[in-house]
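> Model the structure of this input:
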Amino acid sequence: MTTVALVGCGHIHTPGFVERLKKRPFFTVKSVWDHDSARAQMNAELLGASVVDDTAAIWGDPEIEAAIICAETNRHEALVLTGTAAGKHLFVEKPLGFAAKDAQKMAAAIDTAGIMFQTGYFMRGEPIHQFLREQIRLGHFGQITRLRHSNCHGGSLGDWFTPRWLWMTDPAVAGVGAYGDLGTHSLDIVLWLLGHEVERVTAVTGTALARYGDACDEFGEGMLVYKDGTVVTIAAGWVDVANPVRLLISGTEGHALVVNDTLYFKSKHVDGADGQQPWTDLPPAWPHAFELFLDAVAGEAPPAGQNTIPLVTAQEAAFRSVVMEALYEGAKNGRWVTL
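All right, here's what the predicted structure looks like:
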C-alpha cells in the first residue's frame, strides 16, 4: 500500500485525479490540504482522507511517500520547495512555474532531492505523437522545415471556469491566460519532438469575448525558430468551436498531417506511407501522465515498449515555463525574444 497526499485542490483537473486515485486500490490518500478549507473538505470526503490545516503535517508525515500538487500556479514554488526538502515524490500539475525564475528554482530543488517528479503533459503518450517522434528520430522526414501544433477548445465560449476555476483566468495567479494554459501542451509536444534548441520566439495573443476581462487572453498564435532554421507555430485558445487540424509536419523527405485525430503520413523511407490513406500502424497509448506517476511511485512495470516509465523531467517542465514566458514577452512587446 502506498500512502499519498493531495496538496491543493484548485486546478480544473483535480476532480479527474480524484477519480483516478479512487480506482487505484493500492493507494491510500491520507491527507488533503488547501488554503480554501471548504474545497479541502469536499475532496477529503471524496477520498476518505483527513483535512490538515498546515502542509507541515504532510511534509513531516513519514507514512506519506508522495504528494499531488494541484494548487494555484503562484503557490507552486513554496509547496514544491518544502515538498522536495521533505523528500516526497511530487506530481505537480502543469505548468510547473508561474514563469521562468520560479520554475528553474523548483527544477533545481527537485533534481537535488533526487525525488520522482511528474507533471500533466499527457499528450506525449498518444500513439500518433509517439509514432512521429520515432519517425523524426529515424530521419524519415529528412530536414524538417515547418511544424504546427494546435490545442484549442471552447472554454470561454461555454464559461467553463465560473465559478470554481476562475483563478485560471487571472494571470496574476495563473501566470498565463488561455494561450499559456492550453499552449503549454502543444509546446511540450513540439519540444519533445524536435528538442530544445530554440533560438528565438514571438507571439500574438488576444481576446474575442473578453469574458474574463482584458487581462486574460483567450487565444494566441506563437512562433518558434530553431537554431537549424526549423519554423514552428503553436495555436491555442478557449474560443474555438472546433480544432480539427491538430498537427502538421513538413520535411524535405516526409510529411504528416493529423485531421480529426487521424494521421496521414508520407515518407519515401517507409513502405506504404503515401499520405493518401489514414496511417494506422501505431504503438499502444501510454497511460495518462498522472497514472504514469502513480505507477512509478508504486514500482509498477513501464508501458509496453518502454524500458522505464516515461516521466517528464523537472528540467523539461521548467524549460516549458521559460519558453512560455518568452512567448508572452514577445506578444506584449511586439518583438522577437532570444533564448
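
> Pull the contacting residues for P284.
Residues near P284 by CB atoms under 8 Å, 6 or more residues apart in numbering: 127, 303-305. Placement of C-beta: from N, CA and C, glycine included.

> got the residue ranges for the strands in this structure?
2-9, 27-33, 50-51, 66-70, 89-92, 117-118, 144-152, 198-206, 219-226, 231-237, 245-251, 254-259, 262-267, 337-338 (DSSP state E).

> I'd like the ones you listed laid out as CSV, including mean neighbour count.
Formatted as CSV, the strands of the chain follow (neighbours: other CB atoms under 10 Å):
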stretch, mean neighbour count
strand 2-9, 24
strand 27-33, 22
strand 50-51, 16
strand 66-70, 25
strand 89-92, 26
strand 117-118, 27
strand 144-152, 20
strand 198-206, 20
strand 219-226, 21
strand 231-237, 23
strand 245-251, 20
strand 254-259, 20
strand 262-267, 20
strand 337-338, 14
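
> would you turn these into a markdown table with distance to A108 and mean pLDDT?
Compiled in a markdown table, the strands of the chain are given as follows (distance: least, CB to CB, whole Å; pLDDT from 0 to 100):
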| stretch | distance to A108 | mean pLDDT |
| --- | --- | --- |
| strand 2-9 | 20 | 98 |
| strand 27-33 | 24 | 98 |
| strand 50-51 | 32 | 98 |
| strand 66-70 | 17 | 98 |
| strand 89-92 | 14 | 98 |
| strand 117-118 | 12 | 98 |
| strand 144-152 | 28 | 98 |
| strand 198-206 | 21 | 98 |
| strand 219-226 | 24 | 98 |
| strand 231-237 | 26 | 98 |
| strand 245-251 | 32 | 98 |
| strand 254-259 | 36 | 98 |
| strand 262-267 | 38 | 98 |
| strand 337-338 | 23 | 98 |
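
> For those strands, give me a markdown table that also has distance to G180.
A markdown table is the format used below for the strands of the chain (distance: least, CB to CB, whole Å):
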| stretch | distance to G180 |
| --- | --- |
| strand 2-9 | 19 |
| strand 27-33 | 26 |
| strand 50-51 | 31 |
| strand 66-70 | 17 |
| strand 89-92 | 16 |
| strand 117-118 | 20 |
| strand 144-152 | 11 |
| strand 198-206 | 9 |
| strand 219-226 | 8 |
| strand 231-237 | 8 |
| strand 245-251 | 18 |
| strand 254-259 | 22 |
| strand 262-267 | 27 |
| strand 337-338 | 15 |
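
> how many other residues sit next to the residue nearest to F26 when sequence neighbours are not counted?
In space, and not counting its chain neighbours, F26 is closest to M1: 5.8 Å by CB to CB, 6 or more residues apart in numbering. Other residues within reach of M1, judged by other CB atoms under 10 Å, total 8.

> correct me, but M1 touches T28?
Yes: contact criterion CB atoms under 8 Å: M1 and T28 qualify, at 5.8 Å.

> What ranges does this protein have for its helices?
Listed from the start of the chain, the chain has helices (DSSP state H) covering 14-22, 37-47, 56-59, 76-85, 100-113, 127-137, 171-174, 178-194, 289-298, 314-333.

> Show me what the third one is packed up against.
Packed against helix 56-59 by the contact rule (3 or more CB pairs under 8 Å, 6 or more residues apart in numbering; DSSP states H and E) you find strand 27-33, helix 76-85.

> Kindly export the shortest one (C-alpha atoms) in CSV.
By that I understand strand 27-33. Presented in CSV, the C-alpha positions along strand 27-33 are these (Å, rounded to 0.1, in the frame of the first residue of the first chain):
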residue,chain,number,x,y,z
PHE,A,27,-3.1,3.8,-3.0
THR,A,28,-4.3,5.5,0.2
VAL,A,29,-4.8,9.3,0.3
LYS,A,30,-4.2,10.1,3.9
SER,A,31,-4.3,13.9,4.0
VAL,A,32,-5.7,16.8,2.0
TRP,A,33,-4.7,20.4,2.3
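
> On the pLDDT front, check the most centrally placed residue in the chain for me.
The structure's the chain has its C-alpha centroid closest to Y121; by CA atoms, centre = their mean the separation is 3.2 Å. Listed pLDDT for Y121 reads 98.

> which residues sit in contact with it?
Going by CB under 8 Å, 6+ apart, the list of residues near Y121 reads 94, 184-185, 188, 192, 289, 312, 317.
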